[in-house]
Structure formats: structure tokens, C-alpha cells
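J.: okay, predicted coordinates and the sequence, questions at the end:
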Amino acid sequence: MPKLFSRFFLVFLISIITVGCAQTAQSDANNADPITVIDGAGETITLDGPAQRVVSLIPSNTEILFAVGAGEQVVGRDSFSDFPAAALDIPDIGGGFGELDTETILLAEPDLILASEITPLDQVEALKTLGLTVYTLNDPVDFEGLFENIRTVATLVGRNTEAETLIASLSTRLEAVNIAIAPLSYKPIVFYELDGTDPNAPWTAGGGTFVDKVIATAGGFNLGSDLNGAYAQISIEEIIQVNPDVILLGDAVWGGVTPEIVTARAGWDGLKAVQAQQIFPFDDNLVSRPGPRLIDGVEEMARLLHPGVLE
Amino acid sequence: MLDITAVSVAYDEKTIIHEVSLSIQPGEIVALVGPNGAGKSTLLKAISGVIPAVRGQIHVGDQQVRDLSDAKRARLLAVVPQARSLPPHFTVYQTVLLGRTPYLGWLGTTSPIDEEAIDTALTLANIRALKDRWVGTLSGGEQQRVLLARALAQDTPVLLLDEPTTHLDFRHQTELLSLIRELATTKKIAVLMVLHDLSHAGMYGDRVALMVKGEIKAFGPPHQVLTPENLSPVFHVPITVIPHPDTQTPLIIPDGNIYNKAD
Amino acid sequence: MAKSRPYLWSFGFLFVAMTLSVVIGSVLIPLSTLGRMFLHHISSVGQTDWPAAYETIVFQVRLPHMVLVLLTGAGLGGSGAAYQGLFRNPLADPYLIGVASGAGLGAVIAMALRWPVDVLGFFTIPAFAFFGALLTVMVVYVLAQVNRTLPTTTLILAGVAVSSFTTAATSFLLLASANELYRALSWLLGGGTIGGWSPVGAMLPYILVGLGYLITTGHQLNVLQFGDEQAHQLGIPVERVKRLILVAATLTTAAAVAFSGLIGFIGLIVPHMVRIVYGPDYRHLVPLSIIGGGVALLLADAVARSILAPQTLPVGIITALAGAPFFLWILRTAKSNIHW
């Protein structure tokens, strides 16, 4: 009897594997596509029409979608997407431990998944294998690039008019900052702290990054501009040598770092910024997410660096 | 049955065994004795194929043993090692079953012939009642008999035993040796047995081989080999030999003189 | 109880575990619906009144994942039993001679090189992990040889030495590539990310061949418990058998680790559990550990997927969290009973 059972079981096991292997990949619907684009990864993406069920894999994409008025068209978002507040009501599809919740994504029956260039390639591939359409939106390198991204997303979801309005408004605000800052001769040296867990070797943003750009646009000079990479480590000695005028705490929100904590750090008390109490917490989301709130970040920083210059 | 001709074993220029020759007939027990380090255990290992660096001829019947595969050799030679650190949770049956290794099918399944051989071996060694006991729960004497049964299950014409009476008490030593004597005679097995007790060698061996420093110094019937002239210089102890009251085989005891030194 | 019909019970548990694995997921699909879906799939009987997404979820996500976990667990359980028999050591596990550390180094190198995706595509990491494991074991093997024999003590020592080296190299690479740190750690804790049927297909031949061979070595492993010398005398070509078992167990483990990351404790604990219930006869210990490994990992995986839903915890964390206290419990209660 046990022998019979094990034989039956083996058949069962083999049939499961056969059933699975016989699965053919779901075919894409491919007729008369009104929207054909090439995404950031060089892949050609075709949609039957403007996407009505979008899953966003990164907060900046979520923010752009809501900003162009497509909030209702978002059916899934990653765990970190927390702006605007309405985003929190949309189903969470993972991404916290690096693992996406494929099942919930599938259940939402999306017609478009909006990934970014930092989405792991194998996750993108896994989603594509399941028959889903994935558009990879690359990070912009400047504000023009940001506006282009907004246009691209708007095209995908059929919100071109709203996008242009948004871009116009953002450009105007940006221009206003540029005009206000241009005549100023004083450019404070800014140390933007990304991670101060080790006060002797904190992390900051290097040159060419968006943080760097924002600081420059806001009329400051990024202390880390000589360094390479979005996350660069710098020693306290170099900071002391350069002696920044302002310290911005990008780790205030996620790391709970306060100006008092910084003042108490050994070796930091001699800094100009510390003595003049020019240490300010800064919402890192405004400069690390390549979305419309970058402009908010520019304005916020300009107000901190040059109080009173902007109305 | 077992013919060893000019067998030598050497490692790194050191000779352990030098030109040893012996022959053992079916049904005969040859007791191998000698001081520690004489190479007795090494000789057994050489014969049973554990040591590769062997020169000379080793025949079982007309088969040259050294050319054989391990499995084929195991059908000709079985070894009973000392019963030490046996895996405790194997049952007696499972242990004796291992003796059928050279004959088992793929996946280790037993045929009726194998089962019969195991049963016979258990009976011959008087441990059938212990069949399902864990080996770790047995006494030293019982464990030694389990290993003997395992070797018997191998159903070989030649049996090699390496000091099987070590760690056994007086009763179990006697029982075991009597058992081996009986088996050799009834089943016509050629037995080569390493013993440390010279009197046992005299009582149970048909012939005795005295091995010293890798060479056979004397080989023949017990009363011929186990003499004070042969033994005293080898063991560095003055020796007296007296005949057993019943069997007349030589009993070896130290000289009375060594107790009188204080005088 | 289980002693009398071990295979019946084992397959029973396996069936339950497999079902559980397919039932659990972030989307709730009722058991009855699942049953009907399977029936429909095999025989086209019944109406399809479930959303199309369910089909994709069950047959493209859950089912291949279940098979992958089953194969991995089976591979780890079976090779764990084989390693314990080969090394005659209750602490032996499939990672003893460098498979884990070698696979880890291979995977981290692949991640640090940022994917030579063009050549190997998404199998880059598993391929590097697999070959890292094999290369490391080969180095250990060569180092451990003494005159043409392979004494178990030198194998263990060489394994420990080489593992220390590869672990150090891995740690260095981890520090040097901060971006990939998160993914690397996740992989090292047992979280493979490639879904679908292709990893199953890639892994299957190695697992089947490896485990298939190991099942036949039960008797030989029994004999080896008595020591190399007695094994020789009983007619086992000891060196050849040791090598073959080593190769089979290593291939199996390397394939398992390559796709699923480093999952500990299965290979160590499952054989012990089987031993406690059934005894040390390797002819049954190996196949029962194969099934048991599958069951254990399926259960651990089910926990990993549900405990923090919708996040998936790396399954290696669950096996370690459950495994360590379990191991201590085995040590305490079964001290006299450890069938060794």
C-alpha cells in the first residue's frame, strides 16, 4: 500500500512539473497601438491607448503621476511612495526588502508598470516574463530632463494638457529663483549630510548629482562637489578644512538627526556653521526624488541659504 | 588455502615487514604472536588489501589477491577487527548485514540468499537472540561476536582476526576462542589469528608463527615454536613452558626467578 | 508511529506542504477555487469563473516557486544526510567544504561586476554562484589529498581554511560595492529573485542526477560508518566511493544554492530529525531526508512569505531562527538518543 501511494505521488509530482512547463507565456495583445515609445532601457513599449491601470515602482514616479492628475489611474505603488497622502490609499506592492509582491501586482491587472533605472533588472525581467508591460523611466540629469520625464509619463497616461500646465508652472517658479539668485555675490558653502551615522566620515552628495544641482540653483556651493557619486563619504577633517557656512541635514527625517546632535559632535563645534547656528533639517525627499517636488526643494533651500531674497 | 610468499611492506625507506611467507590450510588455525610493533597488524592489513604498498604474492586458493577489486577480494578474505567504537545505534542485524556487501544488489537490497547467510552467521556466532538490539547496548564479548558474525556472513574461505580477545574478560575470551576453533574445523575456514596471549596461541593454534621486527622467526606446531629458547630473547623475560594437564599444549609463564630478585 | 510506515507519512507531509505553499500568497485564493483551477488545467473540466490574474498567479508565480523550493529543500536535505555519513560527523552539513562560501563569493562577484548581462542574461548570478561553489570545492579537494587518499580530517580542515578565505573576500567585496550591498545580503540570506519556470529547468538536471545517485549510496554510507579500513575489508572501493558521493552531494548543493541563495540548517537538521525517528540506516536516511528537506523548506518558505506580507523575508532567516532553537532542543532531549 505505501508503495502504491508513493508511486501515485511521483506521478502527481511529475504532472505538476509538466503542467507548469506546458504553460505558454501570455501573449501580448498587438493590434493598432496608438502609443509606441522607446523607454529608458531602450525597449520599445506599445500601449493600446493611454494607460488606465498603472503600477508605480518608485516614489518619484508616483509623485509625477499624481502631479499630472493621473492619481485615479494608479492601481499599485511601492512601499516608499508616501506623497501625496492619497497615494497611501493605493495598494502597496512591496519593494521594501527589495522584493516586489508579484501576486498583488498581477491581481491589480495593470496595463503599465512604471519602473526606474534603479529597479533591479531581474525584477523588470520577471514582470515582463509574466506578460506585463514595463516602462523604465531614467533619472533626469537636469531640470530639462525632469520636464521631459513629466511629458513622457503624461503621454503614457493621456494627460498631456495637465503636464504642460504643470511644466509651465514649475518653469516659472524655477526662473523666479534663478532671477533672484543671479545678482547675489555671496554663495554660502553648503554641507548636505545624507548620512551622519559615523560623524567622523559622513556621507554627502557628490558633484553632478541632483542635490548638487539644487544647491547650485539655490545659490549655494556644494561642499561635496569634488566627490564622485550620489553617495560619497567625506572625512570630518576635510569638512573642517573647507569650513562650510551652512549645514543641511538630509538625514533629519529618516535618521532623526537634529541640529543639537550635530552641535554636540566631537570636532564639529569649531565649524562656522555650528557656531552661527546655521544648521537646518531638510526634507531629503524634496531633493532625492526626481519629481516635481524638486522645485519645492530648490525654493526651500533658497529660502534657507538666502533668507528674504525670495518672497 | 591462504598462501603468502615473500610479502614485504616498506614506507619511506623503512621496512615494516620483510619477506614474510606463510601458508594456512582450510580448517587450520595459525596463531600469529610476537612483541608489540613486530608488524602483526600490518601484516593483516597487507593481506586484506588495506595497504597498497605491498610486494610479494598473496594467494587464496589459486587467485592472486592483489590484482582483485575490493569487492572480489572481500569474497575471499574476511577480517574480524577489534570491537572498538562501533556505531552504537546500528542493530546487530544491520551490522551483520554489512558482511554481505560484496554480494548485495544495487540500492543495497538483500536477496533470500543474503538473508539466509545473515541468519546462519547469527546462529553460528550464538547471537541470534540479540538480532534487534543496538550494538551500543551490548557487552564487549557480544560486540566481538557481532563482528565475528559479520565476517562469517561474508562467507569467505579465509578469516583474519586481529587480537579478538582484547578487552574481553576471561569467560568471553574462552568462549570466543572456542567458537573460532569450532567454526574453523566445521566450516573448513583457513584462520590467521593475531593473539597477544601466548598460552592461547598454544591451545588454539594448529600452528604458531612468531613474528619479530617484521620477520617470521619461527613457524610450526605450538610446542616447537613456543619454547623458552625462542621466546625469552624476544620478550626479554625469562620464560618457563609447561604442558597443559589436559591438552598437553604449551602454557607459557614467566620464570620463578624474577620474583626472587630481591633476595 | 512514523517508524512503521515512514514513506507514507513523509509523502503525506510533503503533499500537505506543497498544497500549503500554493495556497499561501499575498492574494487570497480559496482552496476550492485552487482545486478547480488545477482540475481545469489538467483536464479542461469545469467552468473558468476566476479572474485571469489568478491563472497567472498560480501557474506562473506560485507553482514554479513551489517546485523551486521543493527541489532546493530536497537537495539540501539529501546532500546533508550524505555529508553526515561521509564525514561521520553530526555537525557536517552541505556547506562544510566550501560550497556555501564559494557560491557566496561567486554571486557577490557577479553582483559587483554589475551583471555581464549580455553573455549570461539573468542567469549570471546563479551561474557565477554555481561555478564559484564548484571551484572552491575543487581547491579544497586538491589541498586535502594525502598521497591519493582523501582523509576526512584534512577535508574538513581544508574546507574551513578555504571557507575563511572566501568569506573574507566576500566581505571585502560587499564593503566595496555599497550599492549592491542590500541585494547581496538578501541573496546571502537565502532570497533568490528569479521567478518563473526557467530556474526550475536549469536546476532540475543537477538535482535529479545528484539525488538519484545519492539514494543508491545508502548501503555504502552504512559501511563507511565503521571506518575506512573496515570498509575496504568489506569490499567497498573506499576512495572511489568517497569521491563520487562528494561530487554528487556538491553538485546538488551547488545547484540548490545557486538559485536559492544560502539557506542554512536544512542540511544539518533534517537528517538528524529523520535519524531520531527512523534510525541511522542510510538506505532510508537519505531518501527520507530528501523528502524531509523538501517539507521543511516549503514550510519555512510559507512562513517567510506570510509573516510580513506583502514583504517577503529571505527564507534563510526563517530557517536560522527556527533551526537554532530546534537544534538545541534536539541536543537536550535526544542526547542519549542521537542515533550516531
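T.: Received, thanks. Numbering: from 1, shown residues only, chains lettered A, B, ... in the order given.
J.: for B:Asp162, give me its contacts.
T.: Contact partners of B:Asp162, counting by Cβ atoms under 8 Å, 6 or more residues apart in numbering or on different chains, are B:Lys40, B:Ser41, B:Leu44, B:Val79, B:Val80, B:Pro81, B:Gln82, B:Val194. In this view, the C-beta of every residue, glycine as well, is placed from N, C-alpha and C.
J.: redo that, cut-off 6 Å
T.: B:Ser41, B:Leu44, B:Pro81, B:Val194 (Cβ atoms under 6 Å, 6 or more residues apart in numbering or on different chains).
J.: how about C:Gly201?
T.: C:Gly201 neighbours (Cβ under 6 Å, 6+ apart): none.
J.: now the strand or helix carrying it: mean pLDDT?
T.: Using DSSP states H and E, C:Gly201 maps to helix C:198-215. The average pLDDT for helix C:198-215 rounds to 92.
J.: how about the residues of the stretch 1-150 of chain B by chain C?
T.: B:48, B:50, B:70-71, B:74, B:79, B:87, B:89, B:98, B:101-102, B:107-108 (Cβ under 6 Å from any Cβ of the partner chain).
J.: so of those residues, which ones are in strands?
T.: B:Val79 (DSSP state E).
J.: and which of the contacts of B:Asp162 is nearest A:Leu112?
T.: B:Pro81 (74.1 Å; Cβ to Cβ).
J.: identify the residue spatially nearest to that closest one, adjacent ones excluded.
T.: Distances taken as Cβ to Cβ, 6 or more residues apart in numbering or on different chains put B:Asp162 closest to B:Pro81, at 5.5 Å, once the chain neighbours are dropped.
J.: again with B:Val33
T.: Nearest to B:Val33 is B:Ala201, by Cβ to Cβ, 6+ apart, at 4.9 Å.
J.: my guess is the one you found contacts B:Leu195. True?
T.: Yes: between B:Ala201 and B:Leu195 a contact is recorded at 4.8 Å, counting by Cβ atoms under 6 Å.
J.: anything in contact with each of those two?
T.: B:Ala31, B:Val33.
J.: can you check the pLDDT for the closest residue to A:Asp251 other than its chain neighbours?
T.: In space, not counting the residues next to it along the chain, A:Asp251 is nearest to A:Val257; the distance is 4.7 Å by Cβ to Cβ, 6+ apart. At A:Val257 the predicted local confidence, pLDDT, stands at 90.
J.: one more: A:Cys21?
T.: 49.
J.: B:Arg55 bridge partners, please.
T.: For B:Arg55, the beta-bridge partners are B:Ser8 (DSSP bridges).
J.: could you do the one 5 residues further on as well?
T.: With DSSP bridges applied, the residues forming beta bridges to B:Val60 are B:Leu2, B:Gln63.
J.: can you tell me the closest non-neighbouring residue to B:Leu43?
T.: B:Ile17 (5.8 Å).
J.: a strand runs through that neighbour, doesn't it?
T.: Yes: assessed with DSSP: H, G, I helix; E, B strand; the rest coil, B:Ile17 lies in a strand.
J.: tell me how far it lies from chain C.
T.: 17 Å (Cβ to the nearest Cβ, to the nearest Å).
J.: tell me the pLDDT of that residue.
T.: In this model, B:Ile17 carries a pLDDT of 87.
J.: surely it and B:Ile216 touch.
T.: No: with contact defined as Cβ under 6 Å, B:Ile17 does not reach B:Ile216; the gap is 9.6 Å.
J.: between those two, tell me which one has more neighbours.
T.: B:Ile17 (25 against 21; other Cβ atoms under 10 Å in any protein chain shown).
J.: low-confidence ranges, chain A, go.
T.: A:1-33, A:96-98, A:311 (pLDDT under 70).
J.: what about the residue nearest to B:Val33, how many residues close to it?
T.: Counted with other Cβ under 10 Å, B:Ala201 comes out at 27.
J.: with A:Gly220 instead?
T.: A:Gly220 - counted by other Cβ under 10 Å - has 27 other residues nearby.
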